[in-house]
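[1] coords please:
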Amino acid sequence: MSNNTVILQSIITCPLCQHSKEETMPTDACQYFYECENCKIRLKPLQGDCCVFCSYGTVKCPPIQENKSCCSNN
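    Residues are numbered from 1 along each chain as shown. Coordinates of the predicted model:
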């Protein structure tokens, strides 16, 4: 196993209300939508990003951490 351990926890921050919540990222699928539990806005990735964790999270999704293509880029 390499020294590059994949981090599965990321804190998503809503760009509208600034509410933050730690979430566990899926390892077998991209998470394209995320609903803020505070203001109920439905977030989707920013242009050029593969998932909501890459756009609004403190940690990029597992495939990106491993320098692999994320499923929405296929």
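
[2] Keeping just the C-alphas, turn the lowest-mean-pLDDT helix or strand in the chain into PDB.
    Lowest by mean pLDDT, DSSP states H and E among the helices and strands of the chain is helix 62-65, with a mean of 90. Output of helix 62-65 as PDB, limited to C-alpha atoms (Å, rounded to 0.1, in the frame of the first residue of the first chain):
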ATOM      1  CA  PRO A  62     -11.500   9.500  -4.000                       C
ATOM      2  CA  PRO A  63     -11.000   9.000  -7.800                       C
ATOM      3  CA  ILE A  64      -9.400  12.500  -8.100                       C
ATOM      4  CA  GLN A  65      -7.300  11.900  -5.000                       C
END
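
[3] Spit out the contact partners of the spatially most central residue of the chain.
    The centroid of the chain falls nearest to residue 53 when counting by C-alpha atoms, centre = their mean (1.2 Å). By C-beta atoms under 8 Å, 6 or more residues apart in numbering, the contact list for residue 53 reads 10, 12, 23, 25, 31, 59, 60, 61. Any C-beta I mention is one placed from the backbone N, CA and C, and that applies to glycine too.

[4] quick revisit: now the least confident helix or strand of the chain: buried residues?
    62, 63, 64, 65 (16 or more other C-beta atoms under 10 Å).

[5] Which parts of this protein are strands?
    Ranges of strands within the chain are 9-13, 20-24, 34-35, 42-43, based on DSSP state E.

[6] Make TSV from the ones you listed and add distance to residue 70 and mean pLDDT to it.
    What follows is the strands of the chain, written out as TSV (distance: least, C-beta to C-beta, whole Å; pLDDT from 0 to 100):
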stretch	distance to residue 70	mean pLDDT
strand 9-13	14	98
strand 20-24	16	98
strand 34-35	15	98
strand 42-43	16	98
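
[7] can you redo those as JSON lines with mean neighbour count?
    Shown next, in JSON lines, are the strands of the chain (neighbours: other C-beta atoms under 10 Å):
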{"stretch": "strand 9-13", "mean neighbour count": "16"}
{"stretch": "strand 20-24", "mean neighbour count": "12"}
{"stretch": "strand 34-35", "mean neighbour count": "16"}
{"stretch": "strand 42-43", "mean neighbour count": "14"}
